[in-house]
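>>> Below are the sequence and a predicted model for it; my questions follow.
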Amino acid sequence: MNNRVLVWDLPVRLFHWMLAACFFGAFLIPNLIDDDSGWFALHMLLGATMGFMVLLRVVWGIVGTRWARFRSFVFGPSAVLKYFRGLFNAAGEPHTGHNPGSSVAIFLNLVLALAMVATGLLMSTGGEWVEEAHEILAWVFLATVGVHIAGVLLHTFLHRENIIGSMITGRKERDESEAIDSPRPVVALVFVVLTVGWASGLYASYDPATGAVTLPGTGQSIQILEAEEHEDEHD
């Protein structure tokens, strides 16, 4: 008999929702305000914070709890095809961790997030192709999120499994043998402290006069405003 057992640890759940908040915040800013607005720097700071969280998630994907580790992800063309074939019938195989569809979406989102951060940093050189690539990546990321949400809703409707709820509570109806032993609250606290500390350090070091910011813990200064835009502000 299945019970509601703990599957998702707290670091995974926090990362999921905090990444979503950072992305949508960073995405909306340039689409709602002008690039020369003082608020545009927040777009860059949110993007840099998102990149930092992805790096922490990669570490946790290697050393984390059972279902947080990347090796637990069901991944590959045959697995994805089998999943979508079973999605529309009762014979679909249940997955304790991420199902093949979610596994693909997560890997794509991690890669796209890092690519967005990289192109965002390169935009300070003023290269037009970099800006275009950055915008394309953002829209692809948004499309991936949209497909992921649609898949989650479809799976929830067809199989009566509240996936969204499980990413809030961390629990699913599974056998006790598939449960993790702890939500890892200490690791979650470290994740939040590191992320907030990183974001706070970025914000505190940002110099609106030069458009530069210092990466916390490294002492390295980077330009987060486009070169042309920054020059125009001081002409």
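It's in.

>>> which stretches of the chain have low pLDDT?
Regions of the chain meeting the criterion pLDDT under 70 cover residues 1-2, 89-92, 124, 126, 225-235.

>>> just checking, R66 touches S72?
Yes. Checked against Cβ atoms under 8 Å, the pair R66 and S72 is within contact range at 6.2 Å. C-betas here are computed from N, CA, C, even on glycine.

>>> Which residues does stretch 152-171 contact?
Contacts of stretch 152-171 from elsewhere in the structure, counted by Cβ atoms under 8 Å, 6 or more residues apart in numbering, are 4-10, 13, 16-17, 87-88, 92, 94, 99, 101-102, 172-173, 183.

>>> ok so, going back, got any residues that touch both of R66 and S72?
Once Cβ under 8 Å, 6+ apart is applied, the residues that R66 and S72 both contact turn out to be G97.

>>> show me the contacts for the nearest residue to P100 once chain neighbours are set aside.
In space, not counting the residues next to it along the chain, P100 is nearest to Y83; the distance is 4.0 Å by Cβ to Cβ, 6 or more residues apart in numbering. The neighbours of Y83, taking Cβ under 8 Å, 6+ apart as the test, are V74, G92, E93, H95, N99, P100, G101.

>>> Y83 should be in a strand, yeah?
No. Assignment of Y83 by DSSP: H, G, I helix; E, B strand; the rest coil gives helix, placing it outside any strand.

>>> any idea how far it is from T119?
Separation of Y83 from T119 (Cβ to Cβ, to the nearest Å): 31 Å.

>>> still on that earlier bit, buried only: go through the contacts of stretch 152-171 for me.
When burial is judged by neighbour count using 16 or more other Cβ atoms under 10 Å, the buried members of these are 5-10, 13, 87, 92, 99, 101-102, 172, 183.

>>> Would you format these as TSV with distance to H159 included?
TSV is the format used below for the buried ones among the contacts of stretch 152-171 (distance: Cβ to Cβ, whole Å):
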residue	distance to H159
V5	18
L6	20
V7	16
W8	18
D9	23
L10	25
R13	21
L87	8
G92	6
N99	10
G101	12
S102	13
K172	12
P183	25
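
>>> Go through those and flag which are in helices.
Cross-referencing the buried ones among the contacts of stretch 152-171 against helices under DSSP state H gives L10, R13, L87, G101, S102.

>>> who touches the nearest residue to the fourth one once chain neighbours are set aside in this structure?
Ranked by Cβ to Cβ, 6+ apart and with sequence neighbours excluded, the top spatial neighbour of G101 is G151, at 4.9 Å. Contacts for G151 (Cβ under 8 Å, 6+ apart) come out as G101, S102, A105.

>>> So the first one is in contact with K82, correct?
No. Shown here, G101 and K82 do not form a contact pair, counting by Cβ under 8 Å, at 10.9 Å.

>>> At which residues are the strands of the chain located?
Taking DSSP state E as the criterion, the chain carries its strands at 3-6, 171-174, 212-214, 221-223.
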